[in-house]
Each structure stands twice: as C-alpha cells, then as structure tokens.
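Q: Next come a sequence and a model predicted from it.
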Amino acid sequence: MSMRHYDCKNYINLDCEKGMCAISKLIVPIDGKGSEGCPAFVPAEKCENCANFSNPDSYGIGTCTGFDVENWAFASCGALTCENYKAR
Ligand code: SF4
C-alpha cells in the first residue's frame, strides 16, 4: 500500500500538484520529493484499500465483490460514498 500524503484520509486536494494536510495545515506535494506520508497516515477510502477489492491488474483494474453482482473497479476510485466500503 502506498503511504503518500495523496493516499491519506487527511489529504485535501488543492490542484494537480499539491494539497493540504487537514491535521498539520501544511501544503504537501502529490508526488516526488516530500510526498511520503507521516506517522499519522490513515489510508483514504479508495477501492484499493477496501476488503471487497481484489486482483488489480497493471492498470489498477480489479474485482469488486462488495455487491450482489461482481463487477470491475478502479483501485484509485474514491470510495467515500460507497455503502459497502470495508477498510482492510
Ligand atoms: S500523511 Fe501525515 S502529513 Fe500527510 S496528509 Fe496524512 S496526516 Fe497529513
């Protein structure tokens, strides 16, 4: 699992390069230097962090078994509003 600020529940996206940490209120980069998360990292609600998501391919497309009918899902898809999200 990635531990970048971008993948943290406390990350607030500002634009395509940076965001803000809701805890420290610091501006943090999406990738590159300084993009690694801190010890307070909490995985964001994304399909890739859900117990119902499995077998992602090299494009991040995997299988969702959280609903009656099995379907495909993107690993990076935001799951904040998914009623069947289950943190791993
Ligand atoms: S990893 Fe730490 S600094 Fe980065 S967004 Fe999360 S809590 Fe804030």
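A: Noted; the coordinates are in hand. No experiment lies behind these values; they were computed from the predicted model shown. Numbers count the residues shown, from 1 in each chain.
Q: Can you tell me what sits against stretch 52-59?
A: For stretch 52-59, contacts defined as CB atoms under 8 Å, 6 or more residues apart in numbering pick out 47-48, 62-66, 73, 75, 84-86. The C-beta positions use only the backbone N, C-alpha and C, and glycine is treated the same way.
Q: Please give me every residue in contact with the closest residue to Met20 other than its chain neighbours.
A: Nearest residue to Met20, sequence neighbours excluded (CB to CB, 6 or more residues apart in numbering): Ile12, at 4.8 Å. Contact analysis of Ile12 by CB under 8 Å, 6+ apart lists 19-22.
Q: Likewise for Gly66?
A: Contacts for Gly66 were tallied using CB under 8 Å, 6+ apart; they are 50, 52-53, 82, 84-86.
Q: Can you lay out these as CSV showing secondary structure?
A: Listed next are these as CSV, based on DSSP: H, G, I helix; E, B strand; the rest coil:
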residue, secondary structure
Cys50, strand
Asn52, coil
Phe53, strand
Cys82, coil
Asn84, coil
Tyr85, coil
Lys86, coil
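Q: a markdown table for the residues you listed, including pLDDT?
A: Formatted as a markdown table, the contacts of Gly66 follow (pLDDT from 0 to 100):
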| residue | pLDDT |
| --- | --- |
| Cys50 | 96 |
| Asn52 | 98 |
| Phe53 | 98 |
| Cys82 | 96 |
| Asn84 | 97 |
| Tyr85 | 96 |
| Lys86 | 96 |
